[in-house]
Structures are given as structure tokens and as C-alpha cells.
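Participant: pasting a predicted model and its sequence here:
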Amino acid sequence: MDFSNEPILSVREATIYQDDVAVLNDTNFDISKGEFVFLVGRTGSGKSSLLKTLYADLPLNSGSVKIAGYDIGSIKSSEVPFLRRKLGIVFQDFQLFDDRTIADNLYFVMKATGWKERAKMKARLAEILMRVGLGSVANKMPHQLSGGEQQRIVIARALINEPVLLLADEPTGNLDPAVSEGIFKVFQEINRSGTAIIMATHDHHFVNKYPSRVLKCEHGQLLDSKESDFDLVEAL
């Protein structure tokens, strides 16, 4: 059976919670292979909670979420690492280990996700560092890199297992505009290679300059630009 046309992500009648409070109700949307989608909304509107639910960091108590072949509503804790091998997750605050080199940061993730052969790990390390434009930093410590360079390493980390979907939570939020532009171009290159991306952002510059599908969290609802028009400025 050919599943190539099925969505990578399908959300149906889901209620998204944050600290036991429902922040999004009756949430419905699909993401197809290779899509690029902006996720916008004011602080506290549910963007991060939605992403955390998608990668099984927050429980799904109501509705259905099926992502990368997993049913989030019934996923077992032992299955979560396997789910996250199919997803790339990029955080605003980097979350790199300060006490080890860039190479060791990335090797740690490889080992945690089942890589064993040192030669293959070394080759993959070189490949993904080149892909984010930092082929010469493997032996540096995180503090020796700029904020933009550290975020590129976080993106490299998210790409280790060739994810079908990349979830990015305010990936340029702590970076100046010129550096942010460079980071966004890395996401565009990744998307062009076939990886779907959901990027949560407050930066209206990207949403306006690079028109794409937009999901907007507002007043407990998730609005979809595929379904209706709405004011983007008020959401950012």
C-alpha cells in the first residue's frame, strides 16, 4: 500500500493544554510532506504547548494527533525516543551541553538515538556541519561560537536522523535581524530538500517577506490561512 500521499501530521478535534488549562480547543489541521508552515500567535496563545504536544512532551488528553506514523494519544513512553528520531526539534535557547565540544554534543544525540558505528557517526557529523555552513567547528566549545552559530548547531542536531518534520519554536527569537535572516535561509534549504517545517515565530518580517501557509493561535482557536483570511499583524 502506498502511503506517500498521506499527511505527515494529522490533528483532529484536539484540545491542547498548558498547566491543566486548555489553550487551544477543537484543533484540526494536516501537514503534508515538504510543507513550510508558520505558527503565529501572541505569548501564551498556545504555540509552544501545541509543539510540545506534537513531540509528546505534553500529554494529549482529548482528540487525535497522528504524526510520523505514531498516535500521540496512545503512545507509550518507550516509543517516544523513536518518535523523536523522525522529528527534528529546534529550541530558542539552544540547550547545548557547555562542558563538551560541538562534536561531542552531536555524538551524544547520535548515541541516544541508536547510532553505534564510529565511522558512520564521524561521516554524518561532517555532513550535517557542512550543511549548516559550519564545517570547521567540530572541536570548538559552544561558548566559542556566536549565538547564530550555536543555533546552526542546534539545527544540525535536529537533522541528524533525517527527520520528515522539523518543529522550530522561536528559533530566531534571541538573534539579531541579520543573523536571523541567515538562520531562516538554512530552514529554507532544509525545506527545499523535502523536510516539512513548522516554525513558531513572532517575527512578522519573515511571515511578510516569505509568504507561506500560516497557522494562527488566537482566543483558544487555531486558524488556518488555507481555510480563511486573517490579520497577521495582530497575531505577532
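Facilitator: That came through fine.

Participant: okay, helices next: where are they in this protein?
Facilitator: 47-54, 80-85, 102-112, 118-131, 147-159, 177-192, 204-209 (DSSP state H).

Participant: for the ones you listed, give me JSON lines that also has mean neighbour count and distance to residue 220.
Facilitator: All C-beta spots, glycine's among them, are computed from the backbone N, C-alpha and C. JSON lines is the format used below for the helices of the chain (neighbours: other CB atoms under 10 Å; distance: least, CB to CB, whole Å):
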{"stretch": "helix 47-54", "mean neighbour count": "24", "distance to residue 220": "12"}
{"stretch": "helix 80-85", "mean neighbour count": "16", "distance to residue 220": "27"}
{"stretch": "helix 102-112", "mean neighbour count": "18", "distance to residue 220": "35"}
{"stretch": "helix 118-131", "mean neighbour count": "15", "distance to residue 220": "39"}
{"stretch": "helix 147-159", "mean neighbour count": "22", "distance to residue 220": "29"}
{"stretch": "helix 177-192", "mean neighbour count": "16", "distance to residue 220": "28"}
{"stretch": "helix 204-209", "mean neighbour count": "15", "distance to residue 220": "21"}
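
Participant: I'd like those as a markdown table, with distance to residue 21 appended.
Facilitator: Below are the helices of the chain laid out as a markdown table (distance: least, CB to CB, whole Å):
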| stretch | distance to residue 21 |
| --- | --- |
| helix 47-54 | 9 |
| helix 80-85 | 23 |
| helix 102-112 | 32 |
| helix 118-131 | 38 |
| helix 147-159 | 29 |
| helix 177-192 | 31 |
| helix 204-209 | 27 |
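
Participant: point out where the protein drops to low pLDDT.
Facilitator: By pLDDT under 70, the low-scoring segments of the chain are 1-4, 230-236.

Participant: ok, the residue nearest the centre of the chain to residue 90 distance?
Facilitator: The structure's the chain has its C-alpha centroid closest to residue 167; by CA atoms, centre = their mean the separation is 1.3 Å. Residue 167 is 7 Å from residue 90, where distance means CB to CB, to the nearest Å.

Participant: residues in contact with stretch 143-163?
Facilitator: Contacts to stretch 143-163, defined as CB atoms under 8 Å, 6 or more residues apart in numbering, come from residues 85-91, 94-96, 98, 102, 105-106, 109-110, 113, 124, 128-129, 131-134, 137, 142, 166, 171-172, 174-175, 179-180, 182-183, 186-187, 190, 195.

Participant: repeat the analysis, applying 6 Å as the threshold.
Facilitator: With contact meaning CB atoms under 6 Å, 6 or more residues apart in numbering, stretch 143-163 is reached by 85-90, 94, 102, 106, 109-110, 113, 128-129, 132, 134, 142, 175, 179, 183, 186.

Participant: find the nearest non-adjacent residue to residue 88, please.
Facilitator: Computed as CB to CB, 6 or more residues apart in numbering, the closest residue to residue 88 that is not its neighbour in sequence is residue 158, at 3.2 Å.

Participant: ok, how many other residues are close to residue 69?
Facilitator: For residue 69, the count of nearby residues is 12 (other CB atoms under 10 Å).

Participant: and if you look at residue 43?
Facilitator: By other CB under 10 Å, the residues close to residue 43 number 7.
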